[in-house]
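**Q** Make a model of this:
(one chain, ligands or ions: 2)
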Amino acid sequence: MKALSLTSSASSLAERFFGGTCYLCRGKSTGVLCSPCSGDLPYLARSRCPQCALPTLHGAVCGRCLAERPSYDATVAVFSYSFPADVLIQGLKFRGELALAPLLGEALYTELGGVVAPRVDCIVPVPLHDLRLRERGYNQSMEIARAVSARTGIPLRGDACIRVRNTAAQLGLPLKERRENVLNAFSSRQAFDGASVAVIDDVMTTGATLDEVAATLKKFGAARVVNWVVARTPAD
Ligand SMILES: [Zn+2]
Ligand SMILES: [Zn+2]
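**A** Ligands and ions are numbered 1, 2, ... in the order given. Below you'll find the model as predicted:
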């Protein structure tokens, strides 16, 4: 079991927001989570498809990625999108609890293990459409990306990729419709000129959105696109 440790600045930020109690059980804690709750986090099994992070035997590329190669080259995911990781992500995404972002960023950083990081030139969060951004006031993927950028020292290009179409929520749509829903939804204000880019998102479900973001970044010159996501749904 991995223990999720927080940097001291993230930890004091958490204390300020959560008053020294665990976000999940309200027990006494110096960080966002107490050690028992950290221990309950649903880490994904090691054996996963390197391209889309779905569980596979011996970590081989899965049948779906072999049948139709996604535009992204690899996916690093930390948790299964289940309790209590889902509570943390929903807290950040829907309840404005921005102090959860450093914890989720730290989880990603730990998962990366410092191996992938040096091979990435910049970090790009999955963008929200301007209307959605104004409604919510922040982009949860940007908040996580900021934390990962601060931790890894990899530059954040937060404004480069934009969502040009305000698409319907992907939730509940079948895969084919999810693809159509996000088709041409993204663009870029800047060229990526052969860069290796890490795209950050909170949850990866079918991967249709991340596939479209990766295709867009490659259209704008990115040589390699990897997904760094906090949680992965088990299947779709
Ligand atoms: Zn707890
Ligand atoms: Zn796969």
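
**Q** can you give me the helices for the protein?
**A** 8-18, 35-39, 63-67, 85-94, 101-112, 130-136, 140-152, 175-182, 208-219 (DSSP state H).

**Q** Which of the ones you listed sits closest to ligand 2?
**A** Nearest to ligand 2 among these is helix 63-67; the distance by Cβ to the ion comes to 3.3 Å. C-beta: built from backbone N, CA, C; applies to glycine.

**Q** so Pro55 makes contact with Ala45?
**A** Yes - Pro55 lies in contact with Ala45 (Cβ atoms under 8 Å); the separation is 5.6 Å.

**Q** Leu171: neighbour count?
**A** 7 (other Cβ atoms under 10 Å).

**Q** I should have written Asp202 there, sorry.
**A** 22.

**Q** so what's Val120 up against?
**A** Ile154, Ser196, Val197, Ala198, Val226 (Cβ atoms under 8 Å, 6 or more residues apart in numbering).

**Q** Dig out what the most far-flung residue of the chain relative to its centre forms beta bridges with.
**A** The outermost residue of the chain relative to its centre, with distances by Cα atoms, centre = their mean, is Lys28 at 28.2 Å. Taking DSSP bridges as the rule, Lys28 bridges to Thr21.

**Q** so where's this structure shaky on pLDDT?
**A** By pLDDT under 70, the low-scoring segments of the chain are 1-18, 114-118, 235-236.

**Q** any idea how it splits into domains?
**A** Domain assignment for the chain by automatic domain parsing gives 1-40, 42-232.

**Q** quick one: the last one near ligand 1?
**A** When you say that, I think you mean domain 42-232. No - judged by Cβ under 5 Å from the ion, domain 42-232 and ligand 1 are separated, with a smallest distance of 8.7 Å.

**Q** that older thread, which among the helices of the chain is found nearest to Gln51?
**A** helix 63-67 (4.4 Å; Cβ to Cβ).

**Q** Residues of this structure that sit close to ligand 2?
**A** Of all the residues in the chain, those lying near ligand 2 are Cys49, Gln51, Cys52, Cys62, Cys65, going by Cβ under 5 Å from the ion.

**Q** cutoff 8 Å now
**A** Residues of the chain lying near ligand 2 by Cβ under 8 Å from the ion: 49-54, 56, 61-66, 70, 75.

**Q** surely the residue farthest from the centre of the chain meets Ser35?
**A** No - assessed by Cβ under 8 Å, Lys28 is found out of contact with Ser35, at 10.9 Å.

**Q** What's the end-to-end length of stretch 35-44?
**A** 19 Å (Cα to Cα, to the nearest Å).

**Q** Buried residues of that stretch, list them for me.
**A** Cys37, Ser38, Leu41, Leu44 (16 or more other Cβ atoms under 10 Å).

**Q** For Leu104, grab the count of nearby residues.
**A** 27.

**Q** One more: the one 3 residues further on?
**A** Ala107 has 25 neighbours, counted by other Cβ under 10 Å.

**Q** who's in contact with the closest residue in space to it that isn't next to it in sequence?
**A** Leaving aside its sequence neighbours, Ala107 sits nearest to Val78 (Cβ to Cβ, 6 or more residues apart in numbering; 4.8 Å). Contacts here follow Cβ under 8 Å, 6+ apart; on that basis Val78 touches Tyr43, Leu44, Ala85, Ala107, Leu108, Thr110, Glu111, Val229, Val230, Ala231.

**Q** try 10 Å
**A** By Cβ atoms under 10 Å, 6 or more residues apart in numbering, the contact list for Val78 reads 2, 4, 41-44, 53, 85, 104, 106-112, 228-232.
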